[in-house]
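Asks: Need coordinates for the below:
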Amino acid sequence: MGLFGKKPEKYVLFACIENAGRSQMAEGFFRKYAPKGWNAMSGGSSPKSYVNPLAIQVMKEAGVDISNHKAKILSEDQIRGAELKVNMGCMDTTECPSLILGNYVDWGIEDPKDKPIEKVREIRDQIETKVKELVMGLK
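Replies: A predicted model of the protein is given here:
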């Protein structure tokens, strides 16, 4: 649901396995840069119970607060309703969201899990660049 309980006109779904890092950062950046009438959701095929604290920290450094985000499981409704589905990239072939997404774009971005903060910042910057490119294509 969007603001004031209204469903956004269109949304992009960002997916990864744990929904704890990459997809959360992508959702945060998309909400920052999205054109009017667009929103973002994220989910994981096997979500963690938390969002990666380093992801929260590096996003805050970039002026985007994802500290209240929660890791969520991908739902059929999310997948079916998404205008565009983005798989963040995964090496695990048994739990990769691409197995359930159907028609999707794969960004092939490295997982920030267990990485030092400098690497998480690099991943954040990659995601921001990809999100800006995506948004330019929506206008």
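
Asks: Can you point out the helix or strand that includes residue 58?
Replies: In this assignment (DSSP states H and E), residue 58 forms part of helix 53-61.

Asks: So what's the residue count around residue 25?
Replies: If you count neighbours by other Cβ atoms under 10 Å, residue 25 ends up with 32. All C-beta atoms are positioned from the backbone trio N, CA, C, and that covers glycine.

Asks: Settle this for me: residue 44 is touching residue 16, isn't it.
Replies: Yes - contact criterion Cβ atoms under 8 Å: residue 44 and residue 16 qualify, at 5.7 Å.

Asks: tell me how far stretch 50-63 is from the chain's mean position?
Replies: Stretch 50-63 has its C-alpha centroid displaced from the chain centroid by 13 Å (Cα atoms, centre = their mean, to the nearest Å).

Asks: Mind listing residues that contact it?
Replies: Stretch 50-63 is contacted by residues 20-22, 24-25, 28-29, 32, 65-67, 69-71, 112-113, 115, 117, 120-121, 124, 128 when judged by Cβ atoms under 8 Å, 6 or more residues apart in numbering.

Asks: Let me see the mean pLDDT of it.
Replies: Mean pLDDT, computed over stretch 50-63, is 97.

Asks: same check, this time on stretch 112-125
Replies: Here the average pLDDT along stretch 112-125 is 97.

Asks: Where does pLDDT dip in this protein?
Replies: Filtered on pLDDT under 70, the chain yields the residue ranges 1-8, 91-92, 139.

Asks: Need phi/psi at the residue nearest the centre of the chain.
Replies: Note on the chain: the residue nearest the mean C-alpha position is residue 23, at 2.3 Å, using Cα atoms, centre = their mean. Main-chain torsions, residue 23, degrees, to the nearest 10: phi -70, psi -30.

Asks: Could I get the contacting residues of it?
Replies: 14, 15, 16, 42, 43, 44, 88.

Asks: Which pair of those spans the longest distance?
Replies: Pairwise distances across those (Cβ to Cβ) peak at 10.9 Å, for the pair 43 and 88.

Asks: More neighbours: which of the two?
Replies: residue 88 (28 against 21).

Asks: and the closest residue to residue 117 other than its chain neighbours, how many neighbours does it have?
Replies: Spatial nearest neighbour of residue 117, excluding adjacent residues (Cβ to Cβ, 6 or more residues apart in numbering): residue 54 at 5.6 Å. Neighbourhood size, residue 54 [other Cβ under 10 Å]: 20.
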